[in-house]
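Chemist: predicted model and sequence below, questions to follow.
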Amino acid sequence: MSTHFQEDEILGKAYDARLMRRLLRYVRPYRAVVLVSVLLLLLAAAADLVGPYFVKVAIDRYIRTGDLGGVARISVFYLLTLLAGVTVRYGQNYITQSVGQRVMYDLRMELFTHLQRLAVAFYTRNPVGRLMTRITNDIDALYEMVTSGVVTVFGDFFMLAGIIVAMLLLNWRLALVAFVVVPALVGMTVWFSVRSRESYRAIRIRIARINTYLNENIMGMPIAQLFNRERRNFARFDELNRDHLGSHLQAIRSFALFFPSVGFISAVATALLIWYGGGQVVQNAVTLGVLVAFIQYTERFFRPVQDLAEKYNILQSAMASSERIFRILDEPLSVADSVDPVPLARVRGEVEFSDVWFAYPAAEHAGGDGATPRPRTGEPPLPDGTDEWVLKGVSFHIRAGESVAFVGHTGAGKTSIINLITRFYDPQRGQVQVDGVDVRRYPQRDLRRHVGLVLQDVFLFSGTIASNIRLGNTEISDEEVARAAEFVNAHRFIERLPNGYATEVTERGSTLSAGQRQLIAFARAISHNPEILLVLDEATSSVDTETEILIQDALTKVLRGRTSSIIAHRLSTIQNVDRIIVIHKGRIVEAGTHRELLARGGIYTKLYQLQYRDQELRIPKPVAGAE
Amino acid sequence: MSPRLLSYILRHRRSYLIGFLLGVLSSVLLMLDPVVLRLAVDSIGGRIGPRVLLGYAGLLVAIHLAVWGLRYYWRLIILGASRRIEYEIRNDYFAHLQRMHLAYFQHTRTGDLMTRAVSDLNTVQRSAGPGIMHFFGTIVSSIIAIGFMLSIDARLTLFMLITLPLVSVTFIVLGPMIHRRYESVQDQFSTISAKAQENFSGIRVVKAFAQEPYEIDEFARLNTEYIRRNLSVIKVDGALWPLMMFFIGLSSMVLLWQGGQAVITGRITLGQFVQFNGYLALLAWPMIALGWVVNLMQRGLASMKRLDEVFAQKPKIVDAPDARPLAMATGEIEFRGVSVAYNGARVLQDIHLRIPAGATVAIVGPTGAGKSTLVGLIPRLFDVTQGEVRIDGVDVRRWRLADLRRHIGFVPQDTFLFSDTLRENIAYGMETTDGHRVEEAAEISRLAADVADFPHRYDTVLGERGVTLSGGQRQRAAIARAVARDPRILILDDALSSVDTSTEEQILTRLRTVLATRTAIVISHRISTVRYADQIVVLDDGRIVERGTHDELLARRGLYADLYDKQLLEEELEEADVDS
């Protein structure tokens, strides 16, 4: 939240040709419609301009000659132009804004699609909040630019040019007299737009400070209260608040000056017209109707000038937003499909790691605890931007249909093995092969369609239970969903829910217990019928005994006859798999069955005592601190 | 009208009154402008010399010069008052939040409190400033203009009274329609945001099940709906301005038609016709503003209601009426039959615990056992449901909150640091920023060595604008913050969990000298942290299940001993080196 407020403070320049060209590319598909919109804008401006002209004609031609019918006729014409004007302007508004909407749609979809292709590493680097701002607020800023920026700028120019031309055509001498005030008007407007831009910026910075401070103090209120900071924090808040008030009062001064000044300048123009124009009328050089029309035209001169001055702010924030959006669109795909991918239609389910070295991209922080880790002797140099090898030359082979459990202490590298098989990450050295082919050569989608994943943190999407099992895969029928649920012992509890499979899952599944969510995750994986199953089953919060039995049974069933690698939390699991591989500090240290490993009395034995023995002794609840 | 808002406005009644008078005066003057126009036009028809014309021109400039001055102050005073009201409400809002209890913040989303302080307050300000200003401005201008118009010709005035208000009516009718449709756009916007957030948070599942195409389709569907709703806003919103322009145009057309005829039939002069046109021009903007203002006022009142809801919340943990100012003498803590229930669930059950002044007590136990609640009772983050917590023999609820908390150094489980300099963060609870004590505290918490590496040492700004500390550094800074205020009672709520074991050992060694004269409560999962405590209390499910010294508890072979065995194994694993 605070990020959100602070990013707004940073504003760049208002116009950047490179960004503008790139932005205009999104408008290009709609250029015909934009053209129509500009034409309508011309018409609307014209309809606006004829009003004073009608008054002139009415006065000179009909009122002064006493032609009642003439007045009625010209009034009808006037009404018709008004009706035409309202129609054209409405049409123009609608067209312009719908183009803006489409452009926004295209850009948002492009951004989202690109984000879907970016690797998991990108998401660990970028907080969700930041991505959200890109896809919502930044895109809206561009929308404003397209609708009220690009198109209406034309409109204002037409209007100004139209008024100038109309006045010159009616009477160029009188026009020049009226234009005497133009330098004052432009000067005033420029002064005001500069001032208001400065005040606007000053206000934004101050309101951002207030918001950041308020946000932080709401979140840290217990600390403030514990440390008796109320009075001092209030004084600080008051200071920020007062500063904000000051900048507003400053801004009000220029606002309060501008609007009356515009009125005054326009009155001066009118006075000039009365003085000079009146004399001309007396001398019969100008008709009275022209004079009245001129007075009306000068009144209309001011709005487009003001409008143009305001466009600057819109452009500025749009440029900043587009820069941020393009930065994501330019983000390269770190895990990309190979140029000549090998299609993966049928999978036997053989998995092989050969001398795999892997390190995660480093998190960004100032200084870690203690010294920066360096590779030890005998280890390859660390790739740029990484902290530490997580896997150090890991090699193993899982036969088709074999179930293997990975066991190790926290941080040993178990999860990384799963991350590499699914290609969430690519290893820096060595190879991961499925059915004898490097996973990097398969299209990611093909690979993942055959590899099922059950994650420790069961992520439920908003939707129904059924939609959470089949996800977007409409090929999975309701019967298959139910069969999968039945297979993993989830069917019974789902049926007892108020709407069965159609029950809505709320707020990340808070209506379901942790155990039930796990069962749904199994059903999800099984319904997609993967040849290779990866299970991350680390310690979760307490599961009641009944559900625990169901989960153990489900686990046993899903592992049977399927290539599976599992990070095991449950004793029953490690007792049932074909083979256990023990990872310690990034290396494979032991392998074998549960009995064999226990007999060896090595690291596995200690791990067993630490992580699994409780379950054998039936101590109800693991004491915190063991995780 | 909310009584609260009214009281803020009344506080500035002088400004509003003066502003109102200035507004009336300027409106009267402004309405003289068309009169001068009429005189000029009529005299031009009568063939009068240039000097008279110059006089009229001069008069016009003089009128507008006066209007210019009056309107400047009119805006300055009323808009200024509304900004001062905004300032006062914001301050009061903050002060109110400062008095609220911890549980309130646990149950209220920060985002919600922020929205009220930001956008609702903004709406309130706009209705108290431009809203009130234009509302009265329009009414006064209209009355004066109608008066002038009536004095010329009642029939024409009647026509104007029919057509001109249509401008305001347009806004009053379409405004709420636009607002409603816009709210449905906002709903969809939230749906899109929620979808994007869900997708980004669950990206691993999305990728693992190759759901990208489906997710993109789904997003496209929501996005299409978003556009559809936006277009439905545009359908109405796009008509607003053209329609208002149309009605203004219609008024001038009717004036041209009826007024032209009136001039021809000699009911009014040409000058008076021009004068009418002048009123039309002067009333166009106020008519637009009136519609806008009516909507603004409605929304302003709704926003004020939302602010009032926050103000209506009463702080639950406050000084008792007979609270005593106390200086803490020894720091002896006693829990007497303390039970805490939270939303009907039992968190603590009948706790009896006496901590002699200067003693160190450690609390261990599984997550959710009630450890944090227990220590939170001491500085009154929570209050007991039953029983009492005494300090120096006095129930904490009879202390003055400020006095009580002044003597406690608290290091909470979730480290919260402020985006300020490191020095300010460590000195957060000190009466004055004493540089020496800050550094001493950093030394005790083993942060000093890290600080030496920071770009601006103690003046380094933390958080997004400065350096991001690691979890361990944050915890050590929080310990320094608590130690720096030189408290009688020090509470560490799992405050060393992100610190590695050797640093922990160093911190504890230094702390023990500090703690020798103070009462301390230490919550930890690590045996190494708690083993030297004078007394160790094992909490499980809200009850004390074991208590004693390290050796006594080991001998009992209970929960504590089990914890100990496991940590020994962990250490052995840490040390097992596979390379050798």
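Modeler: Cool, the structure landed. From a predicted model like this one, the values you see are computed outputs, not experimental measurements.
Chemist: can you classify A:Ile566 by secondary structure?
Modeler: For A:Ile566, the secondary-structure state derived from DSSP: H, G, I helix; E, B strand; the rest coil is strand.
Chemist: just checking, it touches A:Thr573?
Modeler: Yes. Using CB atoms under 8 Å, A:Ile566 and A:Thr573 qualify as a contacting pair, with a distance of 6.2 Å. C-beta: built from backbone N, CA, C; applies to glycine.
Chemist: of those two, who's got more company?
Modeler: Between A:Ile566 and A:Thr573, A:Ile566 has the larger neighbour count (other CB atoms under 10 Å in any protein chain shown), namely 27 against 24.
Chemist: now do the contacts for the closest residue to that one other than its chain neighbours.
Modeler: The shortest distance from A:Ile566 to any non-neighbouring residue, by CB to CB, 6 or more residues apart in numbering or on different chains, is to A:Val535 (4.1 Å). Neighbour list for A:Val535: A:453-454, A:525, A:555, A:558-559, A:564-567 [criterion: CB atoms under 8 Å, 6 or more residues apart in numbering or on different chains].
Chemist: can you map out the strands along chain A?
Modeler: Assigned by DSSP state E, the strands in chain A fall at A:351-361, A:386-398, A:403-408, A:429-434, A:437-438, A:451-454, A:463-464, A:504-505, A:532-536, A:563-567, A:579-584, A:587-592.
Chemist: JSON lines for those strands, including mean pLDDT and distance to B:Thr519?
Modeler: Written out in JSON lines, the entries for the strands of chain A read as follows (pLDDT from 0 to 100; distance: least, CB to CB, whole Å):
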{"stretch": "strand A:351-361", "mean pLDDT": "88", "distance to B:Thr519": "44"}
{"stretch": "strand A:386-398", "mean pLDDT": "85", "distance to B:Thr519": "41"}
{"stretch": "strand A:403-408", "mean pLDDT": "86", "distance to B:Thr519": "42"}
{"stretch": "strand A:429-434", "mean pLDDT": "89", "distance to B:Thr519": "56"}
{"stretch": "strand A:437-438", "mean pLDDT": "88", "distance to B:Thr519": "63"}
{"stretch": "strand A:451-454", "mean pLDDT": "82", "distance to B:Thr519": "49"}
{"stretch": "strand A:463-464", "mean pLDDT": "84", "distance to B:Thr519": "53"}
{"stretch": "strand A:504-505", "mean pLDDT": "81", "distance to B:Thr519": "48"}
{"stretch": "strand A:532-536", "mean pLDDT": "78", "distance to B:Thr519": "44"}
{"stretch": "strand A:563-567", "mean pLDDT": "85", "distance to B:Thr519": "44"}
{"stretch": "strand A:579-584", "mean pLDDT": "88", "distance to B:Thr519": "43"}
{"stretch": "strand A:587-592", "mean pLDDT": "86", "distance to B:Thr519": "47"}
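Chemist: nearest to B:Arg474, out of these?
Modeler: B:Arg474 lies closest, by CB to CB, to one member of those: strand A:386-398, at 18.6 Å.
Chemist: so what strands line up beside the closest one?
Modeler: Applying DSSP bridges, strand A:386-398 is found paired with strand A:351-361 (antiparallel).
Chemist: how about the strand it pairs with: buried residues?
Modeler: Within strand A:351-361, the residues that qualify as buried are A:351-353, A:356-361, counting by 16 or more other CB atoms under 10 Å in any protein chain shown.
Chemist: let me know the closest of the residues you listed to B:Leu102.
Modeler: Distance to B:Leu102, by CB to CB, is smallest for A:Tyr360 among the buried residues of strand A:351-361, at 36.8 Å.
Chemist: now the closest one: how far from chain B?
Modeler: Here the criterion is CB to the nearest CB, to the nearest Å. By it, A:Tyr360 lies 14 Å from chain B.
Chemist: list the contacts of stretch B:86-106.
Modeler: Residues beyond stretch B:86-106 that count as contacts (CB under 8 Å, 6+ apart) turn out to be A:210, A:214, A:217-218, A:221-222, A:224-225, A:230, A:233-234, A:237-238, A:241-242, A:244-245, A:248, B:8, B:11, B:113, B:116-117, B:121-122, B:124-125, B:128, B:307, B:310-311, B:313, B:315-318, B:376, B:381-382.
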